[in-house]
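# attaching a predicted model along with its sequence, questions to come.
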Amino acid sequence: MGQKSGLTSGIQITSGLGYGVGAYLMWGAFPLYFQLLDSVPSLVVVANRVMWALVLIVVIVALGRQWSNVRAQFTLRKLAWSFLAGMILVGNWSVYVFAVMNDHVVDASLGYFINPLVTVVLAVLVLNETLSKPQWFSIGLAVTGVTTIAISLGTLPWIGIALALTFASYGLIRKIIGMGSLEGLMLETASVFPIAIAYIFVSGEFSKTIDLGWGTVALLALAGPVTVFPLLAFASAANRLPLSVVGMLQYITPTIIFILGVTLYKENMLPGEWLGFIAIWIALAIFSVNVLRNQRRPFNRKSADSEAINSGSNLA
């Protein structure tokens with residue numbers, strides 16, 4: 001009996017790692033996809049992402065006969081939170097697509113590197129989480145890194161900051177709502193769907209997009225699976241792996257984005273930027289070690305809530 005239980009657990013961990021790595025690899029490869037759409041205005045790409053994601057989710061829900069799960073979420077509170085989450089998600093997507101299409105891929109990676117640290121700050125402010133000295137040191141070192149980058153560039157790295165703030169805020173709201181990932185994304189995309197439709201047709205962008213050819217239209221339609229499939233893989237990983245493992249895996253995404261930025265897209269990195277990123281990487285290493293150590297201590301509800309937000313904030 002014990003051997004069977006251990007075997008099952010081992011299979012779950014192995015499959016969980018597969019789902020987790022797959023999800024973060026797909027998210028890391030996003031710049032490759034969005035660069036194919038550089039002839040399309042970024043807001044049109046985001047609007048199509050909303051529309052096609054909703055279409056695919058509706059199909060998945062219908063095939064799985066999960067309408068009762070969706071209807072169960074139809075409360076005024078959850079619908080209001082879902083609309084807010086949807087607007088924040090659209091903001092995050094808009095900044096990210098703009099960054100990729102305007103040669104700011106490295107800036108985008110910065111946002112997802114510092115996202116875990118922004119998340120714990122929100123946990124302190126909203127959930128009254130208490131942080132250890134190493135965690136505070138990590139946050140201070142990351143702030144120093146961002147400041148170094150800002151001084152080097154002569155301006156705030158607003159793309160990275162905006163991505164981190166929106167991503168962390170979205171994760172916090174998802175924790176507050178307490179919905180499944182599929183139902184949550186369905187309500188979020190459905191709530192902003194009318195805005196996406198209105199923008200495409202009222203602005204006249206629909207005809208302009210058609211003029212770009214059906215190949216471009218097909219690429220835009222791929223925004224549905226590009227958005228939903230990594231999310232489903234992440235949800236499967238989160239159900240099979242400890243939160244600490246999921247948290248460590250999330251660094252795969254910004255690492256890939258960063259590498260793409262400095263190699264494939266050959267974005268120039270100033271010495272001050274390198275110093276800032278190194279400070280942030282050291283901060284993340286200290287933070288990650290501290291999280292792993294906390295996992296070995298007796299269960300703490302507040303700490304678990306904070307880590308759940310941190311691990312779940314990659315749902316975008």
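Alright, I've got the coordinates.
# the closest residue to residue 287 other than its chain neighbours is in what secondary structure piece?
Spatially, and ignoring its direct neighbours in sequence, residue 287 is nearest to residue 138 (3.9 Å; C-beta to C-beta, 6 or more residues apart in numbering). For every residue, glycine as well, the C-beta is placed using N, CA and C. Assigned by DSSP states H and E, residue 138 belongs to helix 133-153.
# other SSEs contacting that helix?
When contacts are defined as 3 or more C-beta pairs under 8 Å, 6 or more residues apart in numbering; DSSP states H and E, helix 133-153 packs onto helix 105-127, helix 271-295.
# redo those as CSV? Include mean neighbour count.
What follows is those, written out as CSV (neighbours: other C-beta atoms under 10 Å):
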stretch, mean neighbour count
helix 105-127, 23
helix 271-295, 17
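# end to end on stretch 64-77, go ahead and measure it.
26 Å (C-alpha to C-alpha, to the nearest Å).
# what does that stretch contact?
60, 61, 79, 82, 179, 180, 182, 183, 184, 186, 187 (C-beta atoms under 8 Å, 6 or more residues apart in numbering).
# give the buried residues for whichever helix or strand the third one is part of.
Element membership of residue 79, judged by DSSP H and E, is helix 76-101. For helix 76-101, the neighbour count (16 or more other C-beta atoms under 10 Å) marks 78, 81-82, 84-101 as buried.
# same check on stretch 174-194?
174-177, 179, 181-193.
# below-threshold pLDDT in this protein: ranges please.
1-10, 243-244, 295-316 (pLDDT under 70).
# what angle separates the helix holding residue 79 from helix 105-127?
Here helix 76-101 runs at an angle of 160 degrees relative to helix 105-127 (axes from the mean of the first three to the mean of the last three C-alpha atoms, to 10 degrees).
# quick revisit: for the residue nearest to residue 287, what are its contacts?
117, 283, 284, 286, 287, 290.
# kindly reformat the residues you listed as CSV containing distance to residue 164.
Below are the contacts of residue 138 laid out as CSV (distance: C-beta to C-beta, whole Å):
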residue, distance to residue 164
117, 8
283, 13
284, 12
286, 18
287, 14
290, 19
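# what is the nearest of those residues to residue 272?
Lowest distance from residue 272 to the contacts of residue 138 (C-beta to C-beta) belongs to residue 283, with 16.5 Å.
# pretty sure the closest one sits against residue 136.
No: the criterion here is C-beta atoms under 8 Å, and residue 283 misses it with residue 136 at 10.7 Å.
# can you get me a residue count around residue 33?
Neighbour count for residue 33, taken as other C-beta atoms under 10 Å: 15.
# before we move on, what about residue 203?
13.
# where's it relative to residue 241, distance?
43 Å (C-beta to C-beta, to the nearest Å).
# cool, and residue 150?
Residue 150 is 36 Å from residue 241, by C-beta to C-beta.
# what of residue 233?
12 Å.
# which neighbours do those two share?
residue 20.
# before we move on, back to that, neighbour count for residue 150 and residue 241, which is higher?
residue 241 (21 against 17).
# residues contacting the closest residue to the more buried one other than its chain neighbours?
Excluding its sequence neighbours, the residue lying closest to residue 241 (C-beta to C-beta, 6+ apart) is residue 16, at 4.1 Å. Residue 16 is in contact with 236, 237, 239, 240, 241, 245, counting by C-beta under 8 Å, 6+ apart.
# correct me, but the fourth one touches residue 13?
Meaning residue 240. Yes: using C-beta under 8 Å, residue 240 is in contact with residue 13, at 6.6 Å.
# can you tell me the element residue 52 falls in?
Going by DSSP H and E, residue 52 is part of helix 42-63.
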